[in-house]
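> Any chance you can model this:
(one chain, ligands or ions: 1)
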Amino acid sequence: MDAARLLEDYARGDFFLATAHRTILGSGAATELTGTDEARLAERVRRALGDAPTPIAAGVLPFDSAADGGTPARLVIPEGVRFAGRPHPAVDRLPRRHVGLPERVTPVPEGRRHAEAVADAVRRLGERGLRKVVLARALDLEFAEPVRPEAILHNLVKDNDRGYTFAAGLPGGRTLVGSSPELLLSRQGDRVVSHPHAGSMPRSADPVTDRQNGEALLASRKDHIEHAVLAEAVAEALRPFCRKLDAPEKPELVSTPTMWHLGTTITGELADRDVTALHLAAALHPTPAICGTPTESARELVTELEPFERGYYAGAVGWVDAEGDGEWAVTIRCAEVAERSLRLYAGGGIVPESDPGAELDETSAKFATLAEAMGLPRGWLAEF
Ligand SMILES: C=C(O[C@@H]1C=C(C(=O)O)C=C[C@H]1O)C(=O)O
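Numbers count the residues shown, from 1 in each chain. This next block holds a predicted model:
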């Protein structure tokens, strides 16, 4: 099966995930499973897959299922599932799709307010004994015409030949669409892998500046601190499930078409095959890549300082099969698409060494993944 065909067949409400190794299209929903207790949901999914018409359950976990009003995890067992190999080079021959310019862009909060929140966070880290907190901001885009998530997904897949490029149906007919560099967890047999990312610099069209940015990130003490907090937490969360765990001491430089990051590949051998990819994803989430350390105090600070609900941003997207295998990516570099509007999200890790202006710039740079896929003029969103 050709991955380009799956991309062309994707329709709003379907589940789509393209990675460096495979492409999955789950169409329709034979069964929908939602819940705010992810560990219990993982059990229900395991039972439901036992006699399901298709081999996987797929969907999204929210940032915080206990947030105001409750944001449930949503998985479906699709009516039909098709698999293909990696999307590239097959999708290269497809033309780009037109998305259209928004009529209005509203930052939530305004950039200046986000920088103030970062300064506030830096102060409160010390007061509350936090090592790190991740603060995000959003941009609301309004359009005169209906927004087509299929067009955005199409361009995201063309632009990003690595990473995890996804679309998933949300409650209320909305769609989460994005391209994340970050693997929360994959399980295949008894092999588990996580590839946490923290520490960021923008890519540049100028090769010299681009290389310098990557080198500056590798040399940045602040970014290594930010990363170490994350890598340690992911290793500690996986350790109880593994009879062997390999967590390198130093991160490597990794890249997307728009950002440089520090990443650590953590691999383990699962002790108990009954623990599925969804159980593991639920146990790891939320990592300090998108929340902070310690988790509960960081989540409280996020709620205090961010003037919006994260919903399914900074959650997870992925699938699990009847054997318990599966893969889950962190839902970053994404947008939540409604009928004629969409909300873009971007955040960054704050440690005592963080600078508010630099953190604001980092969120602007992270909007570029979606901005490019929407065909927005380069740097246009950076004004907001
Ligand atoms: C929170 C986001 O990204 C996360 C935060 C990073 C950082 O603070 O350096 C890097 C990668 C991601 O784990 C985002 O893109 O919105």
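
> near the ligand, which residues of this protein?
Neighbours of the ligand within the chain, by C-beta under 6 Å from any ligand atom: 134, 136, 182, 197-200, 261, 289-290, 332-333, 345-349, 366. Quick note: C-beta positions are derived from backbone N, CA and C, even for glycine.

> Looking at those, which are in strands?
Per DSSP state E, strands hold the following members of the residues of the chain next to the ligand: 134, 136, 197, 198, 199, 200, 261, 345, 346, 347, 348, 349.

> Can you tell me which of those is closest to residue 250?
Residue 250 has its nearest neighbour among these in residue 199, at 11.8 Å by C-beta to C-beta.

> tell me, how many neighbours does the closest one end up with?
Close neighbours of residue 199, defined as other C-beta atoms under 10 Å, add up to 24.

> show me what contacts it?
Residue 199 sits next to 217, 220, 223, 224, 226, 227, 251, 261, 262, 349 when contact means C-beta atoms under 8 Å, 6 or more residues apart in numbering.

> Quick check: pLDDT value at it.
Listed pLDDT for residue 199 reads 98.

> same thing with the one 3 residues further on?
Among the per-residue scores, residue 202 shows a pLDDT of 97.

> Widest-spaced pair of the ones in strands among the residues of the chain next to the ligand?
Maximum pairwise distance among those (C-beta to C-beta): 19.0 Å, between 199 and 345.

> Residue 85: neighbour count?
Neighbourhood size, residue 85 [other C-beta under 10 Å]: 12.

> Run through the bridge partners of it.
Bridge pairing for residue 85 (DSSP bridges) gives the partners residue 22.

> That one and residue 24 touch, don't they?
No. In this structure residue 85 lies outside contact range of residue 24 using C-beta atoms under 8 Å: 11.0 Å.

> which residues of the protein fall in helices?
Remark: helices assigned in the chain by DSSP state H are 3-9, 38-50, 111-128, 149-159, 207-219, 221-238, 277-284, 295-305, 356-366, 368-373.

> so what does the fourth one touch, helix or strand wise?
In other words, helix 149-159. helix 3-9, strand 164-169, strand 175-180, strand 334-337, helix 368-373 (3 or more C-beta pairs under 8 Å, 6 or more residues apart in numbering; DSSP states H and E).

> Tabulate the ones you listed (a markdown table), appending mean pLDDT.
Shown next, in a markdown table, are the helices and strands packed on helix 149-159 (pLDDT from 0 to 100):
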| stretch | mean pLDDT |
| --- | --- |
| helix 3-9 | 96 |
| strand 164-169 | 98 |
| strand 175-180 | 98 |
| strand 334-337 | 98 |
| helix 368-373 | 96 |
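
> Tell me which of the ones you listed sits nearest to residue 193.
Closest to residue 193 of those, according to C-beta to C-beta: strand 164-169, at 12.8 Å.

> Need the contact partners of the closest one.
Here strand 164-169 has contacts from 10, 12-19, 29, 58-60, 74, 76, 87, 149-150, 153, 156-157, 175-183, 312, 317, 327, 329, 331, 334, using C-beta under 8 Å, 6+ apart.

> For these, I'd like a selection string for ChimeraX - just the buried members, please.
Filtering the contacts of strand 164-169 down to the buried ones (16 or more other C-beta atoms under 10 Å) takes a single ChimeraX command:
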select :10,13,14,15,16,17,18,19,29,58,59,60,74,76,87,149,150,153,156,157,175,176,177,178,179,180,181,182,183,312,317,327,329,331,334
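
> need the ones in strands among the residues of the chain next to the ligand in a markdown table with distance to residue 45, can you?
Formatted as a markdown table, those follow (distance: C-beta to C-beta, whole Å):
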| residue | distance to residue 45 |
| --- | --- |
| 134 | 27 |
| 136 | 28 |
| 197 | 27 |
| 198 | 29 |
| 199 | 33 |
| 200 | 33 |
| 261 | 31 |
| 345 | 26 |
| 346 | 30 |
| 347 | 28 |
| 348 | 32 |
| 349 | 31 |
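
> Of those residues, which is the nearest to residue 244?
Of all those, residue 197 has the smallest distance to residue 244: 23.3 Å, by C-beta to C-beta.

> hang on, the closest one packs against residue 181?
Yes. Counting by C-beta under 8 Å, residue 197 touches residue 181, with 5.9 Å between them.

> shared neighbours of the two, which are they?
Common neighbours of residue 197 and residue 181 (C-beta under 8 Å, 6+ apart) are 254, 261, 263.

> No further queries at this time; thank you.
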